[in-house]
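J.: Provided below for reference: sequence and predicted model.
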Amino acid sequence: MVKAPLHRFLVEPVRMIQANCGQNLKKSGFMTAFLLVLAMHVSGSEITYHFEKDMSLLYTLDLVTELHSDPNNQNLFVPFHSRYDIHLYVLNTKPNGEACLALTSQLNSARVGEGLHNLKGRDDKEIDSYRKWTAGFKKTDSAAVILDRYGNIVRGRMVWPESTCYNLPKILEGISLGRKRADPPLGGRFRIDNRIAETETHEGKSYTILRTQNRLLDLALLFDNKMRLPLSLEAKYGYKTFGSVFVEHLKLRLADVLHNQKRDSFLDDASMMSAILQAAWLARSYDLEPAFVQKALLSRNTGLRRMAASYCSVTGVLDGFGPVKGEKDEIVKLNLAKAALRWGKDSDPLIDLSHRGGQDIKSRAQQVLSYMQSGFVKATSPTLESFPDLLPELSEKEAYRMARDLLSPGGREISHLGPRSFGLSSGVNGNRIFHYSVYVPGDYDPLERYPCLIELSGGNGFAESVFLRTMNIVPDNYILVSPDADYGMWWAEDQIRMFNDLLGRILRGYAVDPDRIYLHGFSNGGMAAYLYGFLHPDRFAAVATLEGCARPTDGGRGVETEMSLNMINTPLLIMHGDRDSVVSIEPDRQLAEFLNRNSIPYRFVELPGVGHTVTFGTYHEKIMGFFRKHRRNSVIKKLHLVVDDMKYNRNFWIRVDAKADPEQRARVKAEVKKGQFILKTKNIKKISLLLNDSQYDLNTIYEIKVNKKVVFRGSLKLDPALLMESLRSEDDVARLYGVCLSFDID
């Protein structure tokens, strides 16, 4: 172990103890260039991976975690040991070097390091809680990934072994050879960027060593130049979460390579069968043997049956093998019913589920029936580029409908199933790397529209600390998103901008139902849930906070109340323990009184005898029950908009364009009555109404009053240029507009 203060793990590189990887060398830029040329010469060409179809690779992964809770005593830590089998199977390859891999992870053991002196003085109850934690780890994971010849992820994801290490999946993405794609590093703040460090020959074999070194991570990848495969990966890294420091030691070793392994050899391996089904879907390779799919559909493993049914829903019911008789799992039934409608034109199974299924299944079946029967999926659908040429021939209603169709089908292609981390370039200057985790249901289908839960963690905003727990309890049909605050405060400018960028990326990248996006946060994350709800009131169907409080957006020390007026159309659930000694319940009580006086919809739940020790998992049934009751209503008759930062100056169809006094907040109340838009403003110099066909009728003469003064009287008509501008700039159907009326205010 490195003998240095623990805080140094977070501010400067840590050194890894290497085995079979040569010595750490300090080389000049000239030597680095020389080694690059040497490595390329040794391998005979540029360094790339070479995967063969039906190749099977088995790796062993050993992970040692040191949990330090006392930064002043480096020798006092709780050790965890875990071992995994990582299995890769190459489903197919392409001439350009891309390979589609099915992957599984199997947890062999996970334990607290008994008998070590580091445990002395530890409370037995504390150690027992750690043992229960590790005993509860999920034993297996299956995934699929398409890699380019340099090991970069094109689509899909690496396996996500459940472990004491929150960052393990990002480290496993370090098998790339340094030819990075244009998008941000997948490793988030780790910035995995393998560089050729040295080459060596051992027992007649040539190896290339690639390294990544930065403030948090020291990683070495040993590449076999003859096989052109990763032979080993070693890493050491440290990170903080909730006041503790984790130091991780990771060793990944290639144990075996098999060639020409047939798929039927996995018929008794549910995890690998699921991974192969995912890989076939990901690669658009719909040629799996009927016997393989049939075996999966008849499995006792519910997850495997679900994956097989999902595969059938996009490829069609197999000839001579229809829906499984006696199937009890409704998700399996739903996907086989979708297959029957898609490929057999038989709508009866879906109609039956839409009447007799459970609450969520009914809704999903009705949604699919609605989309398919309305011709939602069309082979000749217009594109954003072709839409302007069609506009002159369309009526207003048709133009708006087609614009919504163009905007709404985000996630037309499956990008991954299950959990995945991504990098995001954002912040005020756009040059800071954040990362966020996304969980996608195993039967994800772009034809559907999925509710989305965005969860904000407490403490230092470390996403995976809440993501893994919530992933296992969120309803089956939800997309879960957990962004990372990058060790900053959620209400700092960079984090606020990141959240805004994240909303757009999720809406564009996944088949999210924009009318069912829910926001939840705990502690500091609860404070952020208030803030982001205030800044983006038209984005969420509902917001829930747990043990948080509404912070002032202007940096003041008081309790924020005025910005909560923006939530007049966004239901709010407030939950707080009356024994909370970390975040007092009093600010939430004050906010509840203010909301009540101003007729803002909310529900306040005081938790008697509860301190600052609860989580989303503790009350997830109440929170999800609250969310399920609400969908966003985009036909809004009353609006409040309080604007502090002019970057967040819109609520549905009202936008503040300029303040009279830039240093003070702007306020507007808007109401729609018969043929009238009535606005009352304060500290506003210019304001705009951004309207679509849900806010106006072609055959009505409208009057617009601002501060009791009539500023417009007449009919409203679509401006095609404005609709196109809106279509290109917006990511949400509720924010589309084809009419813009702007007014200067005296």
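T.: Looks like it arrived, so ask away.
J.: can you name the residues that contact His536?
T.: Neighbouring residues of His536 by CB atoms under 8 Å, 6 or more residues apart in numbering: 500, 503, 648. The C-beta positions use only the backbone N, C-alpha and C, and glycine is treated the same way.
J.: relative to Leu641, how far out is it?
T.: According to CB to CB, to the nearest Å, His536 and Leu641 sit 12 Å apart.
J.: can you check Leu63 too?
T.: In terms of CB to CB, Leu63 sits 50 Å off from Leu641.
J.: compare the two (neighbour count), which wins?
T.: Neighbour count, other CB atoms under 10 Å: between Leu63 and Leu641, Leu641 has more, with 26 against 22.
J.: where exactly do the helices run in the stretch 251-400 of the chain?
T.: 270-282, 290-297, 302-315, 330-344, 348-356, 359-373, 387-390, 396-407 (DSSP state H, counting those that start in this stretch).
J.: name the stretch among those that sits most buried.
T.: helix 270-282 (a mean of 26; mean count of other CB atoms under 10 Å).
J.: re earlier: need the helices of the stretch 251-400 of the chain in JSON lines (columns: mean pLDDT).
T.: Shown next, in JSON lines, are those (pLDDT from 0 to 100):
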{"stretch": "helix 270-282", "mean pLDDT": "95"}
{"stretch": "helix 290-297", "mean pLDDT": "90"}
{"stretch": "helix 302-315", "mean pLDDT": "91"}
{"stretch": "helix 330-344", "mean pLDDT": "89"}
{"stretch": "helix 348-356", "mean pLDDT": "90"}
{"stretch": "helix 359-373", "mean pLDDT": "84"}
{"stretch": "helix 387-390", "mean pLDDT": "88"}
{"stretch": "helix 396-407", "mean pLDDT": "89"}
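J.: surely Val706 meets Gln676?
T.: No - judged on CB atoms under 8 Å, Val706 makes no contact with Gln676 at a distance of 11.5 Å.
J.: neighbour count: those two, which is higher?
T.: The neighbour comparison of Val706 against Gln676 (other CB under 10 Å) goes to Val706, with 22 against 13.
J.: ok, and the closest non-adjacent residue to that one?
T.: The shortest distance from Val706 to any non-neighbouring residue, by CB to CB, 6 or more residues apart in numbering, is to Leu679 (4.7 Å).
J.: bridging across strands, which residues link to that neighbour?
T.: Beta-bridge partners for Leu679, by DSSP bridges, are Ala670, Val706.
J.: distance check, it against Tyr737.
T.: Taken as CB to CB, the span from Leu679 to Tyr737 is 17 Å.
J.: ok, these two, which is more surrounded?
T.: Just comparing Leu679 and Tyr737: by other CB under 10 Å the higher neighbour count belongs to Tyr737, 26 against 23.
J.: what's the closest non-adjacent residue to that one?
T.: Leu690 (3.9 Å).
J.: that neighbour should be in a helix, yeah?
T.: No - counting by DSSP: H, G, I helix; E, B strand; the rest coil, Leu690 falls outside a helix, being strand.
J.: what sits against it?
T.: 650, 653-655, 726, 735, 737, 739-740.
J.: domain map for this structure?
T.: 13-263, 286-376, 418-628, 638-744 (automatic domain parsing).
J.: would you single out the least confident of these?
T.: With a mean of 79, domain 13-263 has the lowest mean pLDDT of those.
J.: touching, Asp494 and Arg432? I think so.
T.: Yes - between Asp494 and Arg432 a contact is recorded at 5.7 Å, counting by CB under 8 Å.
J.: sorry, back to before: export the contacts of Leu690 to JSON lines and tack on distance to Asp389 and secondary structure?
T.: Formatted as JSON lines, the contacts of Leu690 follow (distance: CB to CB, whole Å; DSSP: H, G, I helix; E, B strand; the rest coil):
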{"residue": "Arg650", "distance to Asp389": "30", "secondary structure": "strand"}
{"residue": "Trp653", "distance to Asp389": "28", "secondary structure": "coil"}
{"residue": "Ile654", "distance to Asp389": "32", "secondary structure": "strand"}
{"residue": "Arg655", "distance to Asp389": "29", "secondary structure": "strand"}
{"residue": "Ser726", "distance to Asp389": "18", "secondary structure": "helix"}
{"residue": "Arg735", "distance to Asp389": "24", "secondary structure": "helix"}
{"residue": "Tyr737", "distance to Asp389": "21", "secondary structure": "coil"}
{"residue": "Val739", "distance to Asp389": "22", "secondary structure": "strand"}
{"residue": "Cys740", "distance to Asp389": "23", "secondary structure": "strand"}
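J.: mark which of those are buried, thanks.
T.: 650, 653-655, 726, 735, 737, 739 (16 or more other CB atoms under 10 Å).
J.: of those, closest to Pro169?
T.: Arg735 (33.6 Å; CB to CB).
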